[in-house]
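Build me a model from this:
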Amino acid sequence: DEEREGIPFVGRAGNLLNGILANLRKEFGFPARDQLYITNLINERPEPGGNGIHLYYGKGGLTPLGTDTARQLEEELSAVDCKVIVALGETATAALTGRQLSVTRWRGSPIELPTTEHIVVPSLHPSYIQRGNFGDAFLLACDLRKALGYTRVPPKQYRTVTIHGADAAAALLHQAMTVPEVAFDIEAPGNELTCFSLCWDEEVAYSIVLDRQNRAEIMRKLRRLLEAPDGPLLIMQNGNYDTSLLEFKEGIRTNLGRIEDTMYLHNVMFPEIEKSLRVLSSIHTDIPYYKDDYETARATANPELLYEYNAKDALATYIVWRKLHESKEFPHFEYTYRELTMSNLPAVQAMQQAPFRVDHHEWARLRTHAEAEIAPIQAQLNTVTTPWREEQRVHFTKELDAAKTVLASEDSRLQRLRDAQPTGQK
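The predicted model follows:
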């Protein structure tokens, strides 16, 4: 379609992008397509019947041909009055940033280019979404909204502070007792508590280091923060892990009634979206992707990087909580979150810490009952999705047949080349 019309994003991927843009315009006043500058990195189809991306980008990054194409794109964009560029896909991201980044990890991250003063926001290519990743259309929409926001207000800058020493840690923990809510996170490589972080401000977070000399005193102060009946709300991401480990290793019994959990809340509000902090942070914060830093810190024996990572986790958790809690959708999900989800946390922890038996007969009965309730709903859904699946099957069958034709043609050409070689040469 693009070859025939000479316009980027007009085929199936373009239709998906148009639908997302139309929804964003309806819900949030997003600019119409004709108000956006849309272009391609590669302006020709390298191989009929194939994608040919490997000619431009591979495991080693951009190829020489890809580098030339990136240079042409830079010249093209230099004539366009824009502040923010959304790079759809890994190849476009590499061309714009000069870095080989996983787009599924870095999507939504603001990457500032000092040479051109552009902000690049990597995101998912619509064709990736069409290959069975349909729920990720939501993530592309989120990235487009963030990009529009950066045209008005630049990405926020954050600070992380590492705290060494019992006195500084005690002062920070005392301050934490005076705020209404505080995000909390631990790092425990090999299940050994190394540091923990606190955040009650959307601009700065602290990581408190546990050294041999100060560990006992700091843990006494932390126990007061976590166990107090009248302390601040404790905001965590998968707090069940943190609190269980603290009880098992340190004997600290966190007041579970004061916990708010971003992972559980996001799962209640958006059950179709992955609930990891990596994804939540990419949607709700301006923190560039950092989740690989944990493994890097361990592999390189770099404790300072681990402490910074720990502080960023608390910072991201705090910002995500504020965004979800203050959203207009929250009141519609509050009962399900509090009464049907968080209220079960004490029971879940009790099951983790003490042996229990499962009534398999009752389990089987409930399963059968649930399947009977689901069956008519699934049948109704099938009446909607079956025609679409058949349409997709026909489409992919045609694509497969076209690919087989190309392969057969290439095999025939190779055979002719072999036959033309002088005897004794490969």
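
low-scoring stretches of the stretch 51-200 of the chain, by residue?
Low-confidence segments of the stretch 51-200 of the chain, defined by pLDDT under 70: 51.

switch to 80 and redo it
For the stretch 51-200 of the chain, the stretches flagged by pLDDT under 80 are 51-54.

From the chain's centroid, how far away is stretch 195-210?
Here stretch 195-210 is found 22 Å from its chain centre; the criterion is CA atoms, centre = their mean, to the nearest Å.

Could you tell me the end-to-end distance of that stretch?
In terms of CA to CA, to the nearest Å, the two terminal residues of stretch 195-210 are separated by 5 Å.

Report the buried residues of that stretch.
Residues of stretch 195-210 classed as buried: 195-201, 205-210 (neighbour count, 16 or more other CB atoms under 10 Å). Just so you know, the C-beta spots here come from the backbone N, C-alpha and C atoms, and that holds for glycine as well.

by contact count, what packs against whichever helix in the chain runs longest?
Criterion DSSP state H: the longest helix present in the chain is helix 360-420. With contacts taken as 3 or more CB pairs under 8 Å, 6 or more residues apart in numbering; DSSP states H and E, helix 360-420 sits against no other helix or strand.

What residues of stretch 135-146 count as buried?
In stretch 135-146, residues buried by neighbour count (16+ other CB under 10 Å) are 136, 137, 139, 140, 141, 142, 143, 144, 146.

ugh, wrong one, stretch 100-111
Buried-residue list, stretch 100-111, by 16+ other CB under 10 Å: 101, 103, 104, 105, 106, 107, 108, 109, 110, 111.

contacting residues around it?
61, 87, 89-90, 93-94, 97, 99, 119-125, 139, 142-143, 146, 150, 155, 278, 282-283, 286-289, 291-292 (CB atoms under 8 Å, 6 or more residues apart in numbering).

please redo it, this time with the cut-off set to 6 Å
By CB atoms under 6 Å, 6 or more residues apart in numbering, the residues outside stretch 100-111 that reach it are 61, 90, 93-94, 97, 119-124, 143, 155, 282, 286, 288-289.

The residues you listed, buried ones only, as a ChimeraX selection?
In ChimeraX, a selection of the buried entries from the contacts of stretch 100-111 looks like this (16+ other CB under 10 Å):
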select :90,93,94,97,119,120,121,122,123,124,143,155,282,286,288,289
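
Just the ones of the contacts of stretch 100-111 in strands?
Among those, the residues falling in strands (DSSP state E) are 61, 119, 120, 121, 122, 123.

so what's the fifth one up against?
Residues touching residue 122, when contacts are defined by CB under 6 Å, 6+ apart, comprise 87, 93, 103, 106, 107.

Report the spatially nearest residue to it, omitting neighbours in sequence.
residue 93 (4.3 Å; CB to CB, 6 or more residues apart in numbering).

Which helix or which strand is home to the most centrally placed residue in the chain?
Centroid-nearest residue in the chain, with CA atoms, centre = their mean: residue 279, separated by 2.4 Å. Assigned by DSSP states H and E, residue 279 belongs to helix 277-284.

what's that helix packed up against?
Secondary-structure packing of helix 277-284 (3 or more CB pairs under 6 Å, 6 or more residues apart in numbering; DSSP states H and E): helix 303-325.

Check the average confidence over stretch 26-46, would you?
Stretch 26-46 shows a mean pLDDT of 85.

CA atoms of that stretch as PDB?
What follows is stretch 26-46, C-alpha atoms only, in PDB (Å, rounded to 0.1, in the frame of the first residue of the first chain):
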ATOM      1  CA  LYS A  26     -11.700  12.100  20.700                       C
ATOM      2  CA  GLU A  27     -10.700  11.500  24.300                       C
ATOM      3  CA  PHE A  28      -7.800  14.000  24.800                       C
ATOM      4  CA  GLY A  29      -7.900  16.500  22.000                       C
ATOM      5  CA  PHE A  30      -4.800  14.900  20.300                       C
ATOM      6  CA  PRO A  31      -3.800  16.600  17.000                       C
ATOM      7  CA  ALA A  32      -5.300  15.000  13.800                       C
ATOM      8  CA  ARG A  33      -3.000  13.000  11.600                       C
ATOM      9  CA  ASP A  34      -2.700  15.800   9.100                       C
ATOM     10  CA  GLN A  35      -1.300  18.000  11.900                       C
ATOM     11  CA  LEU A  36       1.600  15.500  12.500                       C
ATOM     12  CA  TYR A  37       4.700  15.000  10.400                       C
ATOM     13  CA  ILE A  38       4.900  11.300   9.600                       C
ATOM     14  CA  THR A  39       7.700   9.800   7.700                       C
ATOM     15  CA  ASN A  40       9.600   6.600   7.100                       C
ATOM     16  CA  LEU A  41      13.200   5.700   7.900                       C
ATOM     17  CA  ILE A  42      13.300   3.400   4.900                       C
ATOM     18  CA  ASN A  43      11.500   4.800   1.800                       C
ATOM     19  CA  GLU A  44      11.700   1.800  -0.400                       C
ATOM     20  CA  ARG A  45      10.900  -1.900  -0.100                       C
ATOM     21  CA  PRO A  46      14.200  -3.700  -0.100                       C
END
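
hmm, who's touching it?
Stretch 26-46 has contacts (CB under 6 Å, 6+ apart) with 3, 8, 9, 21, 24, 52, 55, 69, 73, 80, 92, 95.

Was I right to think the last one contacts residue 72?
It refers to residue 95. No - here residue 95 lies out of contact with residue 72, judged by CB atoms under 6 Å, at a distance of 9.5 Å.

So which of the two has more stuff around it?
Just comparing residue 95 and residue 72: by other CB atoms under 10 Å the higher neighbour count belongs to residue 95, 24 against 14.

Phi first, then psi, for the closest residue in space to that one that isn't next to it in sequence.
What sits nearest to residue 95 in space, not counting adjacent residues and going by CB to CB, 6+ apart, is residue 70, at 3.7 Å. Main-chain torsions, residue 70, degrees, to the nearest 10: phi -60, psi -40.

neighbours of the nearest residue to residue 211 once chain neighbours are set aside, just the number please.
Computed as CB to CB, 6+ apart, the closest residue to residue 211 that is not its neighbour in sequence is residue 164, at 7.2 Å. The tally of other residues near residue 164 (other CB under 10 Å) stands at 13.

Please verify my assumption that residue 164 contacts residue 208.
No - using CB under 6 Å, residue 164 is not in contact with residue 208, being 8.5 Å away.

ends of stretch 295-312, how far apart?
For stretch 295-312, the first and last residues are 15 Å from each other (CA to CA).

Flag every buried residue along it.
Buried residues in stretch 295-312 (16+ other CB under 10 Å): 297, 305, 306, 307, 308, 309, 310, 311, 312.
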